[in-house]
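>>> Predicted coordinates and the sequence they were generated for:
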Amino acid sequence: MSMNLVTLLYLVASVCFIQALKGLSHPTTSIRGNLFGMVGMTIAVLTTAALIVKLAGSGLGLAWVLLGLVIGGGYGAWRAKTVEMTKMPELVAFFHSMIGLAAVLIAGATVTEPWAFGIAEHPVNGVGGAIPGGNRIELALGAFIGAVTFSGSVIAWGKLSGSSKFRLFQGTPVVFPGQHLLNLALGLAAVFFIFGFWHSQSSMDFVLVCLLGLIIGVTLIIPIGGADMPVVVSMLNSYSGWAAAGIGFSLNNSALIIAGSLVGASGAILSYIMCKAMNRSFFSVILGGFGGEAVTASAGAQEQRPVKTGSSDDVAFMLSNADSVIIVPGYGLAVARAQHAVKELVDKLTERGIDVKYAIHPVAGRMPGHMNVLLAEAEVPYDQVFEMEDINGEFGQADVAIILGANDVVNPAALQKGTAIYGMPILEAYKARSVIVNKRSMAAGYAGLDNELFYMDKTMMVFGDAKKVVEDIAKAIE
């Protein structure tokens, strides 16, 4: 296999990656986008395998690669097949951490034996083996960003995990005095040692860069509250892409450069969109710790206030007499796995001539697009699903708004100065003529705030598991 053919195949794979990203931008083309991504990755993997055989002159190196593919691919396939939809955010955070760790390990191997990667001559009698200055910077930056991605994703996974073992990291941010000064000092130290590695190619400087990246990943993410986790997941996705691109430059691998750049750029754009949806500063996200102090100040004991409660029969009566209904899904719907039950309920309402729409907030759930994935799994028609900016103007004309397990994204506290989510755009469910809220309890949302929507005269609370409540509503309508 000639290098010209390798370059051509990598180019074809890169075009497939671009088409995949384009296809994934809309639900109706997402299947085609996934197919492009799989084809592109297959071409890239097979080309790399052939290149390994060409450069190594034997199949030994390829055997190690195949072993890694079997173990990693097998585990990935098993996890993708068995993961619950409620655990998808944790799985995404775990995958991000593995990409970051891979970048660190590849950079470390390149620094240890640069001649094996074709960026330096093999040392003879102590002469040679020097890595070009530009490659040193690329390796140091790639390893640093990869280390930040790895440790930051581990913390994000802990915050998203439902296991009691990680309660320290959940919901409430871990803040401490001078945390931003500490991050600044760590960042400057990292810059210093990156310069040192560029100047002297010292292995100690490289190790210190990696260690500082691991520490900064923790100190950046641990002060961020649980309500901001969707933005963090998106941000770490971007970091993982830039880490891969940095290593791609060092290895002169065009496919890795393009794929990493696509992931990094798309993740950054998505992070910006998430920031707008939560009224956060994009630079605050990059620096870490955004929203932490506000959440801490707002959290605490919730005031005990009376609410109007009802049953599934009451909801069925209201829905049967409505002309228009808007459903707002939230994380509680995911926990209860109620998406299929909701689809069946909507089908019954549609048969009665009732107009039903779904309203999706950009940060509903615990990762970007979480609710869209749930509804797609239940085969909800795309023309019934509307994003926040498209549906907010219709709440005022809706007869009934049904909130299923959502909290912060419909909380009018976002309109009140001084609250942790002030300025965050919300779904304006409070404008509907009647509001039905299904929750397991009156517990606060991930931001730790009480929700004034629950106490409005027009609101009826229906407590219980979302799936059972929705199934009971559907039976009552029959």
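It's in.
>>> so Ala103 sits in a helix?
Yes: assigned with DSSP: H, G, I helix; E, B strand; the rest coil, Ala103 falls within a helix.
>>> Would you confirm that it contacts Ile247?
Yes: using CB atoms under 8 Å, Ala103 is in contact with Ile247, at 5.3 Å. For the C-beta atoms, the positions are set from N, CA and C on the backbone; glycine is no exception.
>>> Quick check: neighbours shared by the two?
By CB atoms under 8 Å, 6 or more residues apart in numbering, Ala103 and Ile247 have these common neighbours: Gly142, Gly146.
>>> which residues in the stretch 351-478 of the chain form helices?
Listed in chain order, the helices of the stretch 351-478 of the chain (DSSP state H, counting those that start in this stretch) span 370-377, 388-391, 466-477.
>>> Tabulate those helices (a markdown table), appending mean pLDDT and distance to Ile155.
As requested, those are arranged in a markdown table below (pLDDT from 0 to 100; distance: least, CB to CB, whole Å):
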| stretch | mean pLDDT | distance to Ile155 |
| --- | --- | --- |
| helix 370-377 | 84 | 19 |
| helix 388-391 | 91 | 28 |
| helix 466-477 | 93 | 29 |
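>>> Is it possible to get TSV of those helices that adds distance to Ile18 and mean neighbour count?
Formatted as TSV, these follow (distance: least, CB to CB, whole Å; neighbours: other CB atoms under 10 Å):
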stretch	distance to Ile18	mean neighbour count
helix 370-377	22	21
helix 388-391	27	16
helix 466-477	39	20
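>>> Poorly predicted segments of the stretch 201-350 of the chain, please.
Low-confidence regions of the stretch 201-350 of the chain, defined here as pLDDT under 70, cover residues 225-228, 277-280, 282, 284-304.
>>> can you give me the helices in it?
203-221, 229-251, 254-278, 282-287, 292-298, 312-320, 331-336, 339-351.
>>> Pick the most deeply packed of these.
Neighbour counts (mean count of other CB atoms under 10 Å) averaged over each of the helices of the stretch 201-350 of the chain peak at helix 229-251, with a mean of 26.
>>> tell me how far that one is from the chain's mean position?
12 Å (CA atoms, centre = their mean, to the nearest Å).
>>> and the angle from it to helix 254-278?
Counting by axes from the mean of the first three to the mean of the last three CA atoms, to 10 degrees, helix 229-251 points 160 degrees away from the direction of helix 254-278.
>>> Kindly export helix 229-251 (C-alpha atoms) in CSV.
The C-alpha trace of helix 229-251 is given here as CSV (Å, rounded to 0.1, in the frame of the first residue of the first chain):
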residue,chain,number,x,y,z
MET,A,229,-24.0,19.0,33.8
PRO,A,230,-25.5,19.0,30.2
VAL,A,231,-23.1,21.9,29.4
VAL,A,232,-20.2,20.1,31.0
VAL,A,233,-20.8,16.9,29.0
SER,A,234,-20.9,19.0,25.8
MET,A,235,-17.7,20.8,26.8
LEU,A,236,-15.8,17.6,27.6
ASN,A,237,-16.9,16.3,24.2
SER,A,238,-15.2,19.3,22.7
TYR,A,239,-12.0,18.8,24.8
SER,A,240,-11.8,15.1,23.7
GLY,A,241,-11.9,16.2,20.1
TRP,A,242,-9.1,18.8,20.4
ALA,A,243,-7.0,16.3,22.3
ALA,A,244,-7.3,13.8,19.4
ALA,A,245,-6.6,16.5,16.9
GLY,A,246,-3.4,17.6,18.7
ILE,A,247,-2.1,14.1,18.7
GLY,A,248,-3.0,13.7,15.0
PHE,A,249,-0.7,16.6,14.1
SER,A,250,2.2,15.0,15.9
LEU,A,251,1.6,11.7,14.2
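>>> Can you tell me the closest non-neighbouring residue to the residue nearest the centre of the chain?
Centroid-nearest residue in the chain: Val233, 3.2 Å away (criterion: CA atoms, centre = their mean). Leaving out its chain neighbours, the residue that sits closest to Val233 by CB to CB, 6 or more residues apart in numbering is Met367, at 4.7 Å.
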